[in-house]
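> What follows is a predicted protein model with its sequence.
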Amino acid sequence: MKPIHYGALLLLGAVWGASFLFIGIAVPEFGPLPMMLARVLIAGLLLLAFAYFTQRGAGLRTTLRLREKWRTYLVVGLLNSALPFTLIAFSELRLTASLAAILNSTTPLFTALVAAAWGSERLTGRKMWGVLLGVVGVAVLVGGAPLDVNRAIVVAVLASLLAALCYGLGTVYAARHITGLPGSYASTVQLLGAAVVLAGPGLLTWPAARPSPAAIGALAALILVSTTFAYLLYFFLLRNVGPTRTASVTLLVPVFGTLWSILFLREPFNAGMLLGMAIILTSVSLVTARRPEPDGPPAAHLPDIPQP
């Protein structure tokens, strides 16, 4: 890879890691459902506009085939955006942003299990050891975190892990049911499908009080930086270095998520959490290790990197 590609990979890890920081700031005032409705709707419309103008509208309606595929897009939006985004936001009402970021890094482990269950990929011995090691890492992480472990904390941890499972289900479902669709289009319909799913619940629970400028600014940064810009940067990397190298950002997101949380939220971080994160990232590297692939993304590839 060229230096610009290494820089882009680090930047992508940084902006996706920052999403946990932005959620932690904004979710107490907006609430999980309204916040994620605003996120997917605005980012989806921005990506749609980008796709339309860069392609000059050529074949957009024909490529999307909305009349045939709208149910598929709703399911992908539900599994890959609406549910996991909301679950992560809900978990950050109780968990620190750094803990949520590390728990979210278990997504490749769940993806491997779902792919094996659906017959998409074989669960090799290396992957199985990686999954088992990931379970140990989660236990060490939660046990070592400076938290008063009670029912609310356990529910929040389970919500974070359920979000990772949703990403796994969404990735495998999209690989089976969305074919021949460029990544930028796939992400657009994913986000707008999620907006349709979240429209009713999000509007019904919209906060009565006006959120603070800090919360509004955090939500704006989440939409513009950690979603719209991050997706465009992701597509840039896919085109230039291929999906395997781009997938290495999975290991950077929890590191940056933890770093930003410590620097800006002054969250505690101890040796137990560091050990848990190291074990989880080792397990992820075992599960995601694969032979090098030719540069360039597959045409029907949905973003399979977790985006909280």
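On my side now, so go ahead.
> what ranges do the helices span in the stretch 1-150 of the chain?
Under the criterion DSSP state H, counting those that start in this stretch, helices of the stretch 1-150 of the chain are mapped to 3-30, 32-54, 60-64, 66-77, 83-91, 97-104, 107-117, 125-144.
> Could I get the pLDDT score of the nearest residue to H5 once chain neighbours are set aside?
Nearest residue to H5 in three dimensions, chain neighbours excluded: V241, at 5.1 Å (C-beta to C-beta, 6 or more residues apart in numbering). (Glycine included, C-beta is placed from N, CA and C.) As predicted, V241 sits at a pLDDT of 85.
> Please determine how far V241 is located from L232.
15 Å (C-beta to C-beta, to the nearest Å).
> so how many other residues sit close to the residue nearest to H5?
20 (other C-beta atoms under 10 Å).
> what does A230 give?
25.
> any idea how far W118 is from it?
28 Å.
> One more: Y173?
9 Å.
> ok, the two, which is more surrounded?
Y173 (20 against 13).
> Just list the residues touching that one, thanks.
V75, V76, L79 (C-beta atoms under 8 Å, 6 or more residues apart in numbering).
> Quick check: of those, which has the highest neighbour count?
Most surrounded of the contacts of Y173: other C-beta under 10 Å gives V76, at 27 neighbours.
> Isn't that one up against A175?
No - applying C-beta atoms under 8 Å as the test, V76 and A175 come out as separate, 10.3 Å apart.
> wait, what's in contact with A156?
So A156 contacts F90, S91, E92, L93, R94, L95 (C-beta under 8 Å, 6+ apart).
> what's around L46, how many residues?
Neighbours of L46 (other C-beta under 10 Å): 19.
> Just give me the neighbour total for the closest residue in space to it that isn't next to it in sequence.
Once flanking residues are discounted, L46 sits nearest to T228: 4.8 Å by C-beta to C-beta, 6+ apart. Residues near T228, counting by other C-beta under 10 Å, number 21.
> Same check on L66?
10.
> and it, what does it touch?
Applying C-beta under 8 Å, 6+ apart to L66 gives the contacts Y73.
> what about the residue nearest to L46, is that helix, strand or coil?
What DSSP: H, G, I helix; E, B strand; the rest coil gives for T228 is helix.
> Might one say that it is in contact with L47?
Yes - using C-beta under 8 Å, T228 and L47 qualify as a contacting pair, with a distance of 6.3 Å.
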